[in-house]
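Undergrad: compute the structure for the input listed below.
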Amino acid sequence: MKEISKTLYNGLLKKGKLNFRSDLDLGKEILKQDASLKMQGLEMVTDKVLEHEEKSHENNSHKKASSNSK
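TA: Predicted coordinates:
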């Protein structure tokens with residue numbers, strides 16, 4: 001398998017089909033977008049956790065208030 005990849009790579013390199021600068025820029029752009037998506041996902045999960053915690057505290061305070069009034 002390595003031989004096939006190496007042969008294909010060398011063939012493309014000789015024909016000028018590989019452009020290291022643009023391939024490197026594309027790789028960097030993919031990494032940037034990946035990092036951005038991960039941050040957005042982390043922010044979304046954090047927001048959901050905070051919402052859940054707030055709702056839990058509200059429900060607990062309502063239960064305590066209703067049990068104290070009895």
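Undergrad: what's the spacing between His59 and Leu42?
TA: Let me fix one detail, which is that residue 59 is Asn and not His. The gap separating Asn59 from Leu42 is 26 Å, by CB to CB, to the nearest Å. Placement of C-beta: from N, CA and C, glycine included.
Undergrad: biggest helix in the protein, by residue count?
TA: In the chain, with assignment by DSSP state H, the single longest helix is helix 20-68.
Undergrad: any regions of this protein where pLDDT drops low?
TA: Counting by pLDDT under 70, the chain shows low-confidence ranges at 1, 4, 7-23, 63-70.
Undergrad: again, only using 80
TA: Under the criterion pLDDT under 80, the flagged ranges of the chain are 1-27, 61-70.
Undergrad: residues near Ser5, how many?
TA: By other CB atoms under 10 Å, 9 other residues sit near Ser5.
Undergrad: helix, strand, or coil at it?
TA: Secondary structure, DSSP: H, G, I helix; E, B strand; the rest coil: Ser5 is helix.
Undergrad: so which elements touch the longest helix of the chain?
TA: Helices and strands touching helix 20-68, by 3 or more CB pairs under 8 Å, 6 or more residues apart in numbering; DSSP states H and E: there are none.
Undergrad: mind checking how far Met39 is from Lys28?
TA: Distance of Met39 to Lys28, given as CB to CB: 17 Å.
Undergrad: also Glu58?
TA: Going from Glu58 to Lys28 by CB to CB gives 45 Å.
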